[in-house]
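K.L.:
need a 3D model of the sequence below.
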Amino acid sequence: MTYQEIFETVKKALSKAKAKAVSGNVAFEFDIVGEGEGKFYIEVKDGNVNIEPYNYYDNDAVLEADADTFIKIATGALKPETAYADGQLKIDGDVGKALELKALVESVPAPRKRTVKAEDKPAAKEAKKPAAKKPAAKKAEPEKKAADEAAPAEKEAKKPAAKKAAAAKA
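P.N.:
Residues are numbered from 1 along each chain as shown. Alright, predicted model coming up:
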């Protein structure tokens, strides 16, 4: 993954974060190590959340991790305090302010799930269709008619054989 892809993924994930979730002003610099290495920052100031692909020298904390860890944190798949405790995330600076990142991530509204109405489901549409009674009935009629016509012919065919057998015995 390139630096630009990592940055865009994190920015998109946190684009709807609420500044009021963070107490006061805070600035984090993110230092991506390994694949896609680079720096970007998140600043929460004056009721706005700014995410930019630059160094931020007047920061409260520098957070260092690999791209996967930052993406998981930004998308809510990994809690920052868990990443820090596990050694996946290193913090240089004010750890208390750095952990405000958790509040920022949690302030992102969950994606809305589209509800599917019963009439939109294919099974519901099929269930509402009237049963095809007439074609089935028409199909059964010729078979019944053929069976009815065959029965007398079979009886007639058996009669002469029975008479011949009786005549042969006599």
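K.L.:
for the rest of this, base every contact and every neighbour count on C-alpha atoms.
P.N.:
Fine.
K.L.:
all helices for the chain, in order.
P.N.:
Counting by DSSP state H, residue ranges of the helices within the chain are 3-14, 67-75, 80-85, 95-98, 100-106, 122-128, 133-169.
K.L.:
buried ones in the first one, by neighbour count?
P.N.:
It stands for helix 3-14. The neighbour-count check on helix 3-14 (16 or more other Cα atoms under 10 Å) flags 3, 6, 7, 8, 9, 10, 11, 13, 14 as buried.
K.L.:
excluding chain neighbours, what is closest to the first one?
P.N.:
Looking back up the chat, that one is residue 3. Taking Cα to Cα, 6 or more residues apart in numbering, and ignoring the residues beside it in sequence, residue 3 has residue 36 as its nearest neighbour in space, at 4.2 Å.
K.L.:
so the one you found sits right up against residue 65, yeah?
P.N.:
No. Using Cα atoms under 8 Å as the test, residue 36 is too far from residue 65 to be in contact (11.2 Å).
K.L.:
quickly list the domain ranges of the protein.
P.N.:
Described in terms of automatic domain parsing, the domain architecture of the chain consists of the residue ranges 3-106, 132-169.
K.L.:
possible to save the ones you listed as TSV with mean pLDDT?
P.N.:
Converted to TSV, these look like this (pLDDT from 0 to 100):
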stretch	mean pLDDT
domain 3-106	92
domain 132-169	54
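K.L.:
thinking again about what came up before, of residue 36 and residue 65, which one has the most company?
P.N.:
Set residue 36 next to residue 65 and count neighbours by other Cα atoms under 10 Å: residue 65 wins out with 21 against 16.
K.L.:
how far away is the nearest residue to that one once chain neighbours are set aside from residue 10?
P.N.:
Distances taken as Cα to Cα, 6+ apart put residue 89 closest to residue 65, at 5.0 Å, once the chain neighbours are dropped. Residue 89 sits at a distance of 15 Å from residue 10 (criterion: Cα to Cα, to the nearest Å).
K.L.:
which of the domains of the chain sits most buried?
P.N.:
Among the domains of the chain, the stretch with the highest mean neighbour count (mean count of other Cα atoms under 10 Å) is domain 3-106, at a mean of 18.
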